[in-house]
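**Student:** Quick one, what's the 3D model for this:
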Amino acid sequence: MRWTHARAVWTMVGVTALWSIAGIVTRQLESAQSFEVTFWRSLFTVVSLLVILPLYQGREFFSRLFYAPRVLWLSGVCWAVMFTAFMVALTLAPVAEVLITMAVGPLLSALVARVFFGQRISPHTWWSIALAGVGMAWMFALPSTAATASAAPWGTWVALLVPTAAAVNWSVVQHAQTRGESVDMVPAVLVGAVLSALCTLPLAWPLQASAPDVAWLALLGLVQLAVPCVLVVVCARVLPAPEISLLALLEVLFGIALAWLGANEVPSTQVLSGGTLVLLALLFNAWWAQRLTTGDRNT
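**Tutor:** Residues are numbered from 1 along each chain as shown. Sure, this is the predicted structure:
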């Protein structure tokens, strides 16, 4: 199959739709709790990738993984944090708050690259970071009630681990690539899923998920994570990073809409207004980066 730009764009739209089902599927669970939810999803992701990756990269995939550079294993640790924190956050906070908090990842990546690797941050990214910060502050400046004090803030802080780990992940991988190391992100996803399953199993024990819960979580492992991660790698060979970041924002819109329509989880006006500022900041940053990339190609 020849991967044209249009095919890659529509594939990314489909990827974001698959990513976005996590919230509504989590709301269908009967008995599985936070760490057990994470364990089953990570386990089924491992099983799915062990089938998909040898078909996608050949039987020599396992030998390459054994001799992979250390940066791939560090990337795997970051993926494990992302997998675990995301599912735990969904059990503690509304879907809209989790997705909007995760969306600040590209801006956090710029800050991490600046602080630890000395990379320059462009003025438009600084403005985007400031606008997103205002949006986050407004979104979570909620009145302190018993419900929000016990659940929502914890869910928000746990959700913030996802873009933080993602920022460290991308920065470490990019730094390694500038030094000539080749890092395949798909095996790192497998490593992350294995670590997530191993770390959450003791916390999830004894397992209490019903058969329908396990079926839902198997769906997440295959359809919401394993398949999209392979498709994103393929799309990244055709689409520039700013365009992928822009298309990835559709996950926020799809996820909130699905939770709203399918689970009657209506986001508050304050979350919607603050989230709009965050999304506008990300849209502006991605649009400006795409504009700069297009200008460089035309010169």
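
**Student:** Please make it C-alpha for all contacts and neighbour counts, starting now.
**Tutor:** Noted.

**Student:** buried sites along stretch 124-133?
**Tutor:** By neighbour count on 16 or more other C-alpha atoms under 10 Å, the buried set for stretch 124-133 is Thr125, Trp126, Ser128, Ile129, Leu131, Ala132, Gly133.

**Student:** how far does it sit from the chain's center?
**Tutor:** For stretch 124-133, the separation from the chain centroid amounts to 20 Å (computed by C-alpha atoms, centre = their mean, to the nearest Å).

**Student:** Need the contact partners of that stretch.
**Tutor:** Val104, Leu107, Ala110, Leu277, Val278, Leu279, Ala281, Leu282, Phe284, Asn285, Trp288 (C-alpha atoms under 8 Å, 6 or more residues apart in numbering).

**Student:** could I get the residues you listed as TSV with distance to Phe66, secondary structure and pLDDT?
**Tutor:** Converted to TSV, the contacts of stretch 124-133 look like this (distance: C-alpha to C-alpha, whole Å; DSSP: H, G, I helix; E, B strand; the rest coil; pLDDT from 0 to 100):
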residue	distance to Phe66	secondary structure	pLDDT
Val104	33	coil	75
Leu107	33	helix	69
Ala110	31	helix	71
Leu277	44	helix	78
Val278	40	helix	74
Leu279	40	helix	75
Ala281	41	helix	76
Leu282	37	helix	69
Phe284	41	helix	76
Asn285	38	helix	70
Trp288	40	helix	73
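
**Student:** just curious, which of those residues is nearest to Ser171?
**Tutor:** Ala110 (8.3 Å; C-alpha to C-alpha).

**Student:** where's that closest one relative to Ser128, distance?
**Tutor:** 11 Å (C-alpha to C-alpha, to the nearest Å).

**Student:** what ranges do the helices span in the stretch 51-200 of the chain?
**Tutor:** Here the stretch 51-200 of the chain has its helices, by DSSP state H, counting those that start in this stretch, at 61-66, 70-92, 95-102, 105-117, 123-139, 146-150, 152-178, 185-204.

**Student:** In a markdown table, list those helices along with distance to Val232.
**Tutor:** Converted to a markdown table, these look like this (distance: least, C-alpha to C-alpha, whole Å):
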| stretch | distance to Val232 |
| --- | --- |
| helix 61-66 | 18 |
| helix 70-92 | 15 |
| helix 95-102 | 17 |
| helix 105-117 | 16 |
| helix 123-139 | 24 |
| helix 146-150 | 35 |
| helix 152-178 | 14 |
| helix 185-204 | 9 |
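
**Student:** tell me the most buried of the ones you listed?
**Tutor:** helix 95-102 (a mean of 26; mean count of other C-alpha atoms under 10 Å).

**Student:** centre of the chain versus that helix, how much separation?
**Tutor:** That offset, for helix 95-102, works out to 11 Å (C-alpha atoms, centre = their mean).

**Student:** Give the other helices and strands that it contacts.
**Tutor:** Packed against helix 95-102 by the contact rule (3 or more C-alpha pairs under 8 Å, 6 or more residues apart in numbering; DSSP states H and E) you find helix 70-92, helix 152-178, helix 250-263, helix 269-298.

**Student:** Select from the ones you listed the stretch with the lowest mean pLDDT.
**Tutor:** Among those, helix 269-298 has the lowest mean pLDDT, at a mean of 71.

**Student:** before we move on, the earlier item: now compare the contacts of stretch 124-133 and name the two farthest from each other.
**Tutor:** Ala110 and Leu277 (18.3 Å).

**Student:** how many other residues sit next to Glu251?
**Tutor:** 22 (other C-alpha atoms under 10 Å).

**Student:** Gly58 versus that one, what's the distance?
**Tutor:** Glu251 is 31 Å from Gly58, by C-alpha to C-alpha.

**Student:** Over to Ala165?
**Tutor:** From Ala165 to Gly58 the distance is 29 Å (C-alpha to C-alpha).

**Student:** same deal with Val9?
**Tutor:** Noted for Val9: a distance of 26 Å to Gly58, by C-alpha to C-alpha.

**Student:** Who has more neighbours out of these two?
**Tutor:** Neighbour tally, Val9 and Gly58, criterion other C-alpha under 10 Å: the higher count belongs to Val9, 18 against 10.

**Student:** residues contacting the more buried one?
**Tutor:** With C-alpha under 8 Å, 6+ apart, Val9 has these contacts: Cys235, Leu239, Leu247.
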